[in-house]
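Asker: Predicted model and sequence below, questions to follow.
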Amino acid sequence: MNSRRAFLEHTLLGAITVGTLDFWNAIAEHTAAPPNGRLPVVIATWDNQKATDAAWQVLAKGGRALDAVEAGARIPEADPMDTSVGYGGFPDRDGNVTLDACIMDEFGKAGSVAFLQHILHPISVARRVMEKTPHVLLVGDGALEFALAEGFKKENLLTETARKAWEEWKIKSEYKPVINIERHDTIGIVAVDDQQRVSGACTTSGMAFKMRGRVGDSPIIGAGMFSDNEVGAAAATGLGEMVLRTLGSFLLVEEMRRGKHPMKAAETVVRRLAQKYPKEARENQVGYVAIDKKGRFGGFSLQPGFNYTVYQQGVNRVFEADSFFKK
Ligand code: GLY
């Protein structure tokens, strides 16, 4: 075994044992591995191990990153316990569950839906928008009509738990986004497959008890998610209004294009937010995940408490993100 390989195997073992992010990224930084050395890889916001597992099932068979991120995003969409995505998502202040999602493929094509109601898998509708229409974004009733024409079923997405939470919320009717709500929020999931195809997806029911008609960052290409096959991909979670104003995912990919490691690129974008909006930044959470074409990954957030899931080299793990503000 040559000494370089021995070093890598030793450090990889150490990384698995110690499980620290610094360790992994130190390896990533110092590994001039062949481009495919650390592929495939998928990363998702928060502890979304079932989602990354679904994506990995596609990637491990040599499948396409696009199929992987769609498969991953569909997991929380169908989970009634997940109160910030799809079925079971908390409604707007009038009791309507309204969904936003977007997807991008390795050719730079994009599809998204916003303010969509009654459809279990908005991410799959977004994919159909990308693949079957001349448009990028369909909203509201138009998006619903398109979904129904495509064979999606109309469903009630308001669970009893979500309805009760809404009834309770109505007592005070105070709109106040909560930092790290249940350590779960929008899922952004981005992947590079073993042919170095890069894709990304993002799906959410948006901020709980938002105004009717409010759309966040998640369906906006470049805000909630951006993927560029030459570079890598990034996705956001947290307060959408802050992400929208800075087109954070696009900015993050551009920082990687300029040569930054995904971890540093994510930190740069979060620092920009903190500098530009100091008051809001202090009171809210925004987190980013990113991967580059080499399979290096990273995440960073405004507030402590953000975590993310990476499936790489057959291991599915959750990492605590470093943050701008400390505990
Ligand atoms: N990040 C999700 C939203 O603000 O809607």
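Answerer: In hand now; what should we look at?

Asker: Output the set of residues of the chain in proximity to the ligand.
Answerer: Thr186, Thr204, Gly206, Met207, Gly216, Asp217, Ser218, Thr237, Gly238, Leu239, Gly240 (CB under 6 Å from any ligand atom). In short, each C-beta sits where N, CA and C put it, glycine included.

Asker: I'd like the residues you listed written out as CSV, with pLDDT and secondary structure added.
Answerer: Converted to CSV, the residues of the chain next to the ligand look like this (pLDDT from 0 to 100; DSSP: H, G, I helix; E, B strand; the rest coil):
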residue, pLDDT, secondary structure
Thr186, 90, coil
Thr204, 97, strand
Gly206, 95, coil
Met207, 93, coil
Gly216, 96, coil
Asp217, 97, coil
Ser218, 97, coil
Thr237, 96, strand
Gly238, 95, strand
Leu239, 94, coil
Gly240, 95, helix
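
Asker: wait, which of these is closest to Lys153?
Answerer: Nearest to Lys153, judged by CB to CB, of the residues of the chain next to the ligand is Thr204 at 20.5 Å.

Asker: What about the closest one, how many residues nearby?
Answerer: If you count neighbours by other CB atoms under 10 Å, Thr204 ends up with 30.

Asker: Once you drop chain neighbours, what's closest to it?
Answerer: Closest residue in space to Thr204, ignoring its immediate chain neighbours: Thr186 at 3.8 Å, by CB to CB, 6 or more residues apart in numbering.

Asker: quick one: that neighbour and Thr45 touch, right?
Answerer: Yes. Between Thr186 and Thr45 there is a contact under CB atoms under 8 Å: 6.5 Å.

Asker: Can you work out which residues contact both of these two?
Answerer: Listed as contacting both Thr186 and Thr45 by CB atoms under 8 Å, 6 or more residues apart in numbering are Ala236, Thr237.

Asker: what's around the spatially closest residue to Gly89 that is not a sequence neighbour, how many residues?
Answerer: What sits nearest to Gly89 in space, not counting adjacent residues and going by CB to CB, 6+ apart, is Ser205, at 2.5 Å. Neighbours of Ser205 under the rule other CB under 10 Å: 31.

Asker: One more: Asp47?
Answerer: The burial count for Asp47: 15, using other CB under 10 Å.

Asker: How about Val190?
Answerer: 34.

Asker: before we move on, what about His261?
Answerer: For His261, the neighbour count with other CB under 10 Å is 19.

Asker: and it, how far is that from Thr161?
Answerer: Using CB to CB, to the nearest Å, we find His261 at a distance of 40 Å from Thr161.

Asker: now swap in Thr309 and tell me
Answerer: On the measure of CB to CB, Thr309 and Thr161 end up 24 Å apart.

Asker: Glu77 is in contact with Leu120, correct?
Answerer: Yes. Between Leu120 and Glu77 a contact is recorded at 6.3 Å, counting by CB under 8 Å.

Asker: joint contacts of those two?
Answerer: Common neighbours of Leu120 and Glu77 (CB under 8 Å, 6+ apart) are Gly86, Tyr87.

Asker: Of these two, give the one with the bigger neighbour count.
Answerer: Between Leu120 and Glu77, Glu77 has the larger neighbour count (other CB under 10 Å), namely 27 against 19.

Asker: what pLDDT does that one get?
Answerer: Looking at Glu77, its pLDDT reads 98.

Asker: tally of neighbours for the spatially closest residue to it that is not a sequence neighbour?
Answerer: Nearest non-adjacent residue to Glu77, counting by CB to CB, 6+ apart: Gly86, 3.3 Å away. Residues lying near Gly86 (other CB under 10 Å) number 28.

Asker: What's the first helix or strand after the helix or strand hosting Thr268?
Answerer: Using DSSP states H and E, Thr268 falls within helix 262-276. Per DSSP H and E, the first helix or strand lying C-terminal to helix 262-276 is helix 278-283.
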